[in-house]
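# Sequence below, structure please.
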Amino acid sequence: MSYSRPSADRFVGMIRTAYQGLIEDGTVSFAVDHDDAETVARLEPVVSGAPSLELRMTGSAGEVFLDDLDPFEVDEALPEDVEEFASFTRALVDGELELLFRKTLLGRRPAAAEWPGGRWSLPGEPGVVGWLS
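This is a model prediction of the structure:
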């Protein structure tokens, strides 16, 4: 048995709760894979254009992938991360998640995800000249 499961199960449970109706009616598929070191939860929408979600947990720490964006980091040991993750999943289901983009000399790139109750910045440097739009 892995030490990562209790933390992973908490976050997986939040996804399952937020998406329960959509999972039951087949709008999204949801799969969870456990092994000794890592738990991976994948949520794939049936509808094209809707975002996919992947959670990878090792111990209390994990990464949240939204589509092909760089991952957001979460830690079950931090109460604010647990709270933000719960509000993040609800916002995703309710369509209240907004991506903020940074303009750079090379074009626009995702900089953060924002929703009522939270905001996660994406990793990376802003570039030579950058501002949010």
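
# Next one: residue 19 from residue 80, what distance?
In this view, residue 19 and residue 80 are 22 Å apart by CB to CB, to the nearest Å. Quick note: C-beta positions are derived from backbone N, CA and C, even for glycine.

# Residue 106 - how many residues pack around it?
By the measure other CB atoms under 10 Å, the count of residues near residue 106 is 10.

# Remind me what the helix or strand harbouring residue 84 packs against, helices and strands.
When elements are assigned from DSSP states H and E, residue 84 belongs to helix 79-94. Counting contacts by 3 or more CB pairs under 8 Å, 6 or more residues apart in numbering; DSSP states H and E, helix 79-94 is packed against helix 5-24, strand 61-66, strand 72-75, strand 107-115, strand 118-121.

# sec struct for residue 47, please.
Three-state call for residue 47 (DSSP: H, G, I helix; E, B strand; the rest coil): coil.

# one step back: for the helices and strands packed on helix 79-94, which one sits closest to residue 44?
Closest to residue 44 of these, according to CB to CB: helix 5-24, at 10.8 Å.

# Let's see the closest one as PDB, backbone CA atoms only.
Taking Å, rounded to 0.1, in the frame of the first residue of the first chain, the C-alpha atoms of helix 5-24 are listed here in PDB:
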ATOM      1  CA  ARG A   5      -3.200   7.200  -1.300                       C
ATOM      2  CA  PRO A   6      -4.800   9.200   1.600                       C
ATOM      3  CA  SER A   7      -3.800  12.500   0.000                       C
ATOM      4  CA  ALA A   8      -4.500  11.400  -3.500                       C
ATOM      5  CA  ASP A   9      -7.900  10.000  -2.400                       C
ATOM      6  CA  ARG A  10      -8.800  13.400  -0.900                       C
ATOM      7  CA  PHE A  11      -8.100  15.200  -4.200                       C
ATOM      8  CA  VAL A  12      -9.600  12.500  -6.400                       C
ATOM      9  CA  GLY A  13     -12.700  12.700  -4.200                       C
ATOM     10  CA  MET A  14     -13.000  16.400  -4.800                       C
ATOM     11  CA  ILE A  15     -12.900  15.800  -8.600                       C
ATOM     12  CA  ARG A  16     -15.400  13.000  -8.400                       C
ATOM     13  CA  THR A  17     -17.800  15.200  -6.300                       C
ATOM     14  CA  ALA A  18     -17.500  18.200  -8.500                       C
ATOM     15  CA  TYR A  19     -18.000  16.200 -11.700                       C
ATOM     16  CA  GLN A  20     -20.500  13.500 -10.300                       C
ATOM     17  CA  GLY A  21     -23.400  14.500 -12.500                       C
ATOM     18  CA  LEU A  22     -21.300  14.800 -15.600                       C
ATOM     19  CA  ILE A  23     -19.600  11.400 -14.900                       C
ATOM     20  CA  GLU A  24     -23.000   9.700 -14.400                       C
END
